[in-house]
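Visitor: Just the structure for this:
(chains A, B, C, D, E and F)
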There are 4 protein chains.
Amino acid sequence: MRTETARVGRPRSEQARSAVLHAVDDLLVEVGYAAMTMKGIAERAGVGRQTVYRWWSTKAEILFEASVIDARQELAVPVTGDALHDTTAYVDALIAFLSRSDAGAAYRALLGEAQHDRAVAELLAGTDVLGDSARAVLAAGRGDEGPSADVLDRATAALVGPVLYWVLSGRDANRLDARRIAGASLRELD
Amino acid sequence: MRTETARVGRPRSEQARSAVLHAVDDLLVEVGYAAMTMKGIAERAGVGRQTVYRWWSTKAEILFEASVIDARQELAVPVTGDALHDTTAYVDALIAFLSRSDAGAAYRALLGEAQHDRAVAELLAGTDVLGDSARAVLAAGRGDEGPSADVLDRATAALVGPVLYWVLSGRDANRLDARRIAGASLRELD
Amino acid sequence: MRTETARVGRPRSEQARSAVLHAVDDLLVEVGYAAMTMKGIAERAGVGRQTVYRWWSTKAEILFEASVIDARQELAVPVTGDALHDTTAYVDALIAFLSRSDAGAAYRALLGEAQHDRAVAELLAGTDVLGDSARAVLAAGRGDEGPSADVLDRATAALVGPVLYWVLSGRDANRLDARRIAGASLRELD
Amino acid sequence: MRTETARVGRPRSEQARSAVLHAVDDLLVEVGYAAMTMKGIAERAGVGRQTVYRWWSTKAEILFEASVIDARQELAVPVTGDALHDTTAYVDALIAFLSRSDAGAAYRALLGEAQHDRAVAELLAGTDVLGDSARAVLAAGRGDEGPSADVLDRATAALVGPVLYWVLSGRDANRLDARRIAGASLRELD
DNA sequence: CCATAAGCGAGACGGTACGTCACGTCTTTGG
DNA sequence: CCAAAGACGTGACGTACCGTCTCGCTTATGG
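Guide: The predicted model follows:
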């Protein structure tokens, strides 16, 4: 994605940009990640193929841009001060995100692609959607002095890991016990 | 994959079968999953393209067959009777498998593909390499009366999940504390 | 085609032979020459593929064997002594053969194939179905002393050529005037 | 073949077009019609396979386009006013075309293919290279009032047929007597 | 009367062309 | 200079058929 502001010539069409992002969202739901192609995205968006390539390199990049904002919103939970309650709410949100949300489907597709494409792996590593949101909840519950980074990472893994394993391996998300996972994670903070 | 025993006609060539499986193993390491093609596999194996398609539908199927045996071996740990020790050994094996082993790279590629190909998802669901091995270790540590399936699944998620999250999100596997993860998982069994 | 008599071992199956010849006849009508394959012939005949290849090299060879007898029969006309009448009858038979008969369709297919396959060309040259029949009619009309080979060939070309051109170039065979062609050919004999 | 003028988008590459036509010409001579493949044509022309398929459906179509202009030139003879002389010159040209010229080899291959492919038959029927040139010569020799279409067709068959039969059945073209064939054909015009 | 030999149907084998699709680039017209 | 349209060279897709090669079986001859 190019970011520097163009100074001369015709400016970038905001209409084309959002048409592409919406097309990717739609196509992910309609045909799935594997069947989604740069050609198909351009046609669906009513945009030239070159215009897509001008601003994004791969379908993963577009999908990332199209879904990361939604992802962050869906994983943000209000802070009440009750750590166990907040963390449980977060796990519920995480379960909903990974197993039911469209943005979550996009995230799973990207996480999958990252396993066989280094560029996508780096794209995801740059913005750790899951980890950042989890750390935020855990840190908020601890009040003033935050736990050390190591401890926080460990608790994050204990919080996100079980849900991720459950969903990625295709199990029924309803059988997860959010409160129990939240509790086990919080115990790692001590 | 066809399994029924053929009675008439030329029998299946065991040489061709193993050449394909080895080719897939090699190519995964050399070019990666994304760049691996059915055409490339056939050529590398010195085998006709039709022969590959005759016995496997997709590269994922071949890779699965080629790596599942190695995977099981690498994830099997000896039972000593000391539950914490055995479980910690398992977590170490799991970390090595997911982050360093070739079979583990194959598994990650397949798990990734499963996120955008239902057929691969079902293939992996049919043989839950990670879950089966984890459950075996946890159940062995409990002696006679095994824990309920639900409890065992929960502990399995607590055991496998953090490691999986850590590796899939590209973090340094050396920063994982195997003993701590094992302990947290065992606590779920009570 | 092999002809020498086998002395030992299982003798050639006459049933397989005729099944193949009939299959070729049928397939020519049903799917046409281009879509006729050795594989298809074997399957249609209920015969192993190797059995076909054991006795014939190409579909052209099979088709030739399957149709040459019919061709000769359809192009034989009774000799009455009236040269113009007999020759006209022959032209009528030739028109029917080339434009309506199944054996004629086989001949046209083979003649076509001969234009881009030397082996088929030699096969046809070995047994000049059209020329032989035409020369027989023309020679019969001349009584005792036959015309020279050159003259006979010229008259044959004048007899067969116009019909062949007409049919091969896809024109309506009904618009041909058999008597006139016969007359012109006979004039070449003087 | 598409002919309508494209208005937007990259225009058709004339270089690719002529590279394909030349490749077909060359390959026909080098490997023959049967061994000529769409793949081989594309590779020889240094052109993408899709580009070939975009403008032509079959190798016959390409060959037709590549050879019809040459064919017409080779079969055109100057009109002197002496009908027998002109017609004899035409027969000589026809003999040379069918038995020695590259364009003639292409024509024979196409005529052969037309016998087992209806599409090719229609392609040739649309532009009757042989008949058109023959009719032109015969009509020119008759002065003002042209002969009826039927009579002209009959004379054309008498002119082209014998030569065609001779060459297609693989006989030596040198043994044809052009003047005699011309004379017999002209006699059909009365 | 069994050993040897060859033909049989079936079907897998290594190849290769098929026609299609998507890739990422290039070259037009037009805003 | 951007955008659309669409042709370009490249190369994998999954299929079909090529001609060959095992298989187990059948059907002959001949010691």
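Visitor: Please determine whether the helix or strand bottoming out on mean pLDDT in chain A lies in contact with DNA strand E.
Guide: One helix or strand of chain A scores below all others by mean pLDDT, DSSP states H and E: helix A:118-126, with a mean of 91. No - with Cβ under 7 Å from any atom of the strand as the criterion, DNA strand E is not reached by helix A:118-126; the gap is at least 10.3 Å. C-beta coordinates here come from the backbone N, C-alpha and C atoms, glycine included.
Visitor: now that helix, how far from the centre of its chain.
Guide: With Cα atoms, centre = their mean, to the nearest Å as the basis, helix A:118-126 stands 12 Å off its chain's centre.
Visitor: Equivalent analysis for stretch A:58-72, please.
Guide: Using Cα atoms, centre = their mean, the offset of stretch A:58-72 from its chain centre is 8 Å.
Visitor: List the contacts of it.
Guide: Contact with stretch A:58-72 is made by A:1, A:20-22, A:24-25, A:28, A:33, A:36-38, A:41, A:52, A:56, A:97, A:101-104, A:106-107, A:109-110, A:113, A:117, A:119-120, A:123-124, A:127, A:129, A:133, as judged by Cβ atoms under 8 Å, 6 or more residues apart in numbering or on different chains.
Visitor: Would you mind pulling up the elements that the lengthiest helix in chain A packs against?
Guide: The longest helix of chain A (DSSP state H) is helix A:149-168. Judged by 3 or more Cβ pairs under 8 Å, 6 or more residues apart in numbering or on different chains; DSSP states H and E, helix A:149-168 is in contact with helix A:83-99, helix A:102-114, helix A:129-140, helix A:178-187, helix B:149-168, helix B:178-187.
Visitor: list the buried ones in the fifth one?
Guide: Judged by neighbour count using 16 or more other Cβ atoms under 10 Å in any protein chain shown, the buried positions of helix B:149-168 are B:152-168.
Visitor: Number of residues surrounding residue A:122?
Guide: 11 (other Cβ atoms under 10 Å in any protein chain shown).
Visitor: Sorry, slip of the keys, the one I care about is residue A:125.
Guide: Neighbour count of residue A:125, defined by other Cβ under 10 Å: 13.
Visitor: likewise residue A:95?
Guide: 20.
Visitor: Now do the closest residue to it other than its chain neighbours, the pLDDT please.
Guide: Spatially, and ignoring its direct neighbours in sequence, residue A:95 is nearest to residue A:173 (5.2 Å; Cβ to Cβ, 6 or more residues apart in numbering or on different chains). As predicted, residue A:173 sits at a pLDDT of 94.
Visitor: isn't residue A:173 right next to residue A:99, touching?
Guide: Yes - using Cβ atoms under 8 Å, residue A:173 is in contact with residue A:99, at 3.7 Å.
Visitor: Between those two, which has more neighbouring residues?
Guide: residue A:99 (18 against 15).
Visitor: how far away is that one from residue A:115?
Guide: 19 Å (Cβ to Cβ, to the nearest Å).
Visitor: and what of residue A:142?
Guide: 33 Å.
Visitor: In terms of pLDDT, where does residue A:11 sit?
Guide: We have a pLDDT of 72 for residue A:11.
Visitor: Hmm, I typed the wrong one, I wanted residue A:1.
Guide: The model reports residue A:1 with a pLDDT of 40.
Visitor: can I see the domain layout of chain A?
Guide: A:14-56, A:62-187 (automatic domain parsing).
Visitor: out of those domains, deepest packed?
Guide: domain A:62-187 (a mean of 19; mean count of other Cβ atoms under 10 Å in any protein chain shown).
Visitor: Would it count as contacting DNA strand F?
Guide: No - Domain A:62-187 is not in contact with DNA strand F by Cβ under 7 Å from any atom of the strand; minimum separation 13.6 Å.
Visitor: what's the first-to-last distance across that domain?
Guide: The first residue of domain A:62-187 is 38 Å away from its last residue (Cα to Cα, to the nearest Å).
Visitor: shaky segments in chain A?
Guide: A:1-9, A:143-145 (pLDDT under 70).
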